[in-house]
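Student: Sequence unavailable; structure follows:
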């Protein structure tokens, strides 16, 4: 094996080491007053109880799916025999990352609040470094899993030729992405339902009906709300990006192995190493950049944001530069490949930046759109909703154009702008490899970008802790500044998560075709174009498409596209309704407590927090099953009926509509949230005015938009691709049409 | 020419004749008391003023576009020379149909109210027959335009062979659809913005702020609201379906000419005649069925609905039977074609029925979903919005599956279930012809289905007139029954309009490829697969797709799909915001009148209705331009950059996402409307309870969902196809990639 490879496990160990160091540092901090400890304890306990409950269900689902894969592999021989194991490790590592991240977050928030009593900088440092634990754990475990499987398969897979072997190894590894996807789906959907059921319930009874402020300890749902931030925004987001991170690297490896098949194993190995090494360099640069995030006392929101942006921007710029170096090292500088692919990576990086900026523009109340949205509250809550929906829909334009540019440019760069032969078999593979590596570039600095993301809920919970522990108003002011910063990073983080999901899904789409090729070779069936040839790997992407009649006018493809578009909406509808139902239960419970437990509102009696936590937990567990199973079942069903052509239609339809829908929902939700904050800052009558009440309705509607349905779509589009990849063997050997 | 052809102009004349008879009958009725006349006069005047204003702008747009087409045709020779003229007649006839339909509606509503003083049946008869004027005018003018152009082109086009000539004639005729589309877009978007600006504005100030009932004469926006029903729901809906009707017939003709090219002109002519004759038979059956719609005095809503359903169902069943007869007559019974295509038509008809029923299930308060939605009002307006969005998204599943079934079944029937060779060049053309003719089947009875649609706003306006003229409560009760019936038929009508738009757009997609073929032949460029062949018509659809590298993994196609999906959202966002802005202006004006004109609320002073009408008119004119021009510009821009592959991606992405988004928005809006009505009937506290206020917010949000953005999407997806078809010459000869 190429010596350079060992940089990958080394980077993984480095990431985990720093995660451990940051964790220990945080744990050493003082958790504050007894009340603070008690509140942090409630939240931690609720969060852990939820995660245990969720993992119980997930283990059952994993056991069933692994058994099915085993039967398909060992009884019917339509499945890669390594899949059941790869599937399980993917799920295990993803779950582990979520567990570590959330455990850290629940320890960190009380300590952040306590440190904020000392100074703003102390609070920022603890919150951010604890967020970095999540970021580094995700990339560390991701690279570890990838490196381990590469070593194992390299040792055990035996094929006629080395070139063939590399193809088999990389396509097998892809399937552990399905484990990560499945875990991520449950984490995102379950966590999303949990957090918004609690939040919406708490808001409706607390803010709208009883005029309690956010995080008031008299509100029985307030602990559940804080738990929700951890299970939804930390564990859910972490699992989501773990999946994108691994998915982008794995699909690039698989495409690399097949794109350069004709050039032999040497070139293939280079193309396989490149994405891993870019990711490894990103880990190193992330760790360095994390240390640059600090601020002075008395810093305002702007300075804090600058300090954090400096860290992520530095990581991105350095990573861009490092990419060219790595590619020159791997591919050599004799051919132009190194800078061609380097430019593809830059296209991905730039698209990420543009999407992040556009998200900020449309959702931050420093800009016109959200200010106008706040203004529409003057004519009531109905116009707030209408304008917010309008805003979110308009906001889809820039991200879509950015992704379209990233796709076409990374493709064209990869083939050296050979527009004349843009679609030749060789250029098609190479170009799609370029698109895939652009996604890797976008995600290479995930260590630090995820840190800024996971920082948000920690700061939010710190604020909640400060409020509930009735700390000094000065402290509460500091945590408010930290929290506000978290809202901005969360919005850009969401844009980033969606953008990377789109590129990753596209790479997975191309990988699906590679997987079909392998499945054909395994079953002995041959591809039309290369009849008589034993090594199916020599077939091009176009051969496979033609073999299955995958053309845009094939009715199976058209049906697939319709069904895929519908899946995105259906999935959102199910999760929206789940939040609606669960929130209604929460409202009923809170109203009951106010009525039955005398003295809650005067602060004389403690509300029954546990009951509310239980309601959220149960509702989330109960409601996450149907949408999740649907996402798994749809590609299988479409494959059995419409075959490969239908599956490709499904994936493309789901990707197109799902991406746009996700951007719409996230941005509408973010804008409603900030329009409310804008009014609370004193515009249009300020807090408790009619305008404020109208924007609270908008914010409440936006909660499931931006934190449940919208982000779950990221996973839906990736998971459907992953399921299709894993089921490629079945689809290739059996389909109705 | 085949003798059977003359049935087409005959049917057209028959339709126009009966439209004229119904119009005269209606005009003979008494318009009632002086107050009733005055109010009807206000509405008519406002509606006509709006239409004049709209046509002024539309004429300018048409003049510019026609000039561009002329330059492309006569200077650059990348355009069919007939296009400028075909474009203008399509626009003219569509505008004429809208004008006649709206003029009839504005005369009919006062007379319906007056007849309702006599009896329910008298009211129903006038309203329904006046609706039938619209239905019959649309199909009459549509068939007339088709027949005229067929005769003209048949006389003037000269080509080497008859087979080639038929291809040229039918693809040329397609382009008059672009005129109808453009007209329809302005009518739908402008009308939609008009009606909802007035409605939302009237509701917010009237119902929410001042507790006035619907259609209260003290509300200054009430006349504008009634005008809006006419310009949006009559003229807009009529233009929309005129376009679907012509589009489906024309694209089937074009596909027929090319599908059977190899079999010679005789078979081609049969395939061209079939859709025209099915439509002609549908006209006859519609007229007969219209006469069966009547009811007895004392009939309740259920009986009325039954009577109307009997009419439409009878027309549908008879049309299904007649279709087999016509196809046997045209194609002969030696081959199996007649019953194969007949089954395709049945698949389309059944999909229409299923979509209608599903729409009814999800939006009528006789069923669970809307009742549950009403129940969610117990926890406030935020949960009403969340649940309504969830409901609408879930409701997309059945219509999408119905359309997918219709596509695959009509395709498979057409090729006689030859699954083995499903995608051979011959079967592909034949199968797509089957899909196209299914759309014709769905729309063949448009004469009566559009009558039930146009009936709705007439009954609504009659109710408004009765309320404002302070007629006997008994009369108001009767008009309420008529109005409630209109709401149900409107919801199913919308489902029907969307379903037919999807199938028509699909047929247009296939026609686009035919048009590209013709463009290639015109420019002398040859298709790869058939190099050396002068007659490009022999190229199959697959040849063309391959020639342009249109595969699912072509990055241009992928970019096109992303941009297409985004276009649907962007377009909705623009129209939603337009309604939001216009409604806000209306609210400000109504508040101003309440404050400045003393005595409005006590009924002592008359509000300044004219000012509100002006605001809606201006806002609609101003706001409709940007979304409309965007819809025209997008396919041209994508074509210039990404070429044919990009355009196909754009159309398919727009179709998939647009269809699902349209169903979602229409059904959410319909369910919110009826949830409010359900509460008003006395559930959950009844009128003026907290629950009622919460559902009013839902209804207000739903207004632009169901009457502006949702239905405009039908046109967007068809117009983008039409623009692409007309611009095929330019795209084929110039593109960047």
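Tutor: Received it, and whenever you're ready, just let me know what you need. Computed from a prediction, not measured in an experiment: that's the story for all the values here.

Student: Neighbours of residue A:540, how many?
Tutor: Residue A:540: 22 surrounding residues under other CB atoms under 10 Å in any protein chain shown. The way it works is simple: take the backbone N, C-alpha and C, and place the C-beta from them, glycine included.

Student: Kindly report the same for residue A:81.
Tutor: Residue A:81: 14 neighbours (other CB under 10 Å).

Student: mind checking the SS state of it?
Tutor: coil (DSSP: H, G, I helix; E, B strand; the rest coil).

Student: list the contacts for it?
Tutor: Taking CB atoms under 8 Å, 6 or more residues apart in numbering or on different chains, we find residue A:81 in contact with A:73, A:74.

Student: gap between it and chain B?
Tutor: As judged by CB to the nearest CB, to the nearest Å, residue A:81 and chain B stand 28 Å apart.

Student: Might you name the residue of the stretch 101-250 of chain A sitting closest to chain B?
Tutor: residue A:204 (5.7 Å; CB to the nearest CB).

Student: So what does the closest residue to chain B within the stretch 1-150 of chain A have for phi and psi?
Tutor: The nearest approach of the stretch 1-150 of chain A to chain B comes at residue A:78, 21.3 Å away (CB to the nearest CB). With angles defined as degrees, to the nearest 10, residue A:78 sits at phi -110, psi 20.

Student: since we're on it, how many residues are nearby?
Tutor: With other CB under 10 Å as criterion, residue A:78 counts 19.

Student: Hmm, residue A:729 and it touching each other?
Tutor: Yes - counting by CB atoms under 8 Å, residue A:78 touches residue A:729, with 4.0 Å between them.

Student: ok, which stretches of the stretch 351-500 of chain A are helices?
Tutor: Applying DSSP state H, counting those that start in this stretch to the stretch 351-500 of chain A gives helices spanning A:368-375, A:381-394, A:397-414, A:425-443, A:446-468, A:473-523.

Student: From the chain's centroid, how far away is the shortest one?
Tutor: Its chain's C-alpha centre and that of helix A:368-375 lie 28 Å apart, by CA atoms, centre = their mean, to the nearest Å.

Student: Now do that helix against helix A:381-394, angle only.
Tutor: Between helix A:368-375 and helix A:381-394, the angle comes out at 170 degrees (axes from the mean of the first three to the mean of the last three CA atoms, to 10 degrees).

Student: quick one: contacts for the closest residue to residue A:681 other than its chain neighbours?
Tutor: Excluding the flanking residues, the one nearest residue A:681 by CB to CB, 6 or more residues apart in numbering or on different chains is residue A:365, at 7.9 Å. Counting by CB under 8 Å, 6+ apart, residue A:365 makes contact with A:371, A:374, A:674, A:675, A:677, A:678, A:681.

Student: Contact partners for the third one?
Tutor: The contact partners of residue A:674, by CB under 8 Å, 6+ apart, come to A:363, A:364, A:365, A:370, A:487.

Student: Am I right that it is in a helix?
Tutor: Yes - the assignment for residue A:674 is a helix, going by three-state DSSP.

Student: any idea how far it is from residue A:388?
Tutor: 11 Å (CB to CB, to the nearest Å).

Student: Can you give the distance of the one helix or strand residue A:581 maps to from its chain's centre?
Tutor: Using DSSP states H and E, residue A:581 sits in helix A:555-596. Its chain's C-alpha centre and that of helix A:555-596 lie 19 Å apart, by CA atoms, centre = their mean.

Student: and the angle for it with helix B:425-443?
Tutor: Helix A:555-596 and helix B:425-443 meet at an angle of 50 degrees, taking the same axes, to 10 degrees as the criterion.

Student: packing partners for helix A:555-596?
Tutor: helix A:176-202, helix A:609-680, helix A:690-704, helix A:710-726, helix B:381-394, helix B:397-414, helix B:425-443, helix B:609-680 (3 or more CB pairs under 8 Å, 6 or more residues apart in numbering or on different chains; DSSP states H and E).

Student: could the ones you listed go into TSV alongside mean pLDDT and distance to residue B:245?
Tutor: Output for those, formatted as TSV (pLDDT from 0 to 100; distance: least, CB to CB, whole Å):
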stretch	mean pLDDT	distance to residue B:245
helix A:176-202	90	43
helix A:609-680	94	27
helix A:690-704	94	38
helix A:710-726	93	36
helix B:381-394	96	27
helix B:397-414	97	17
helix B:425-443	93	5
helix B:609-680	94	18
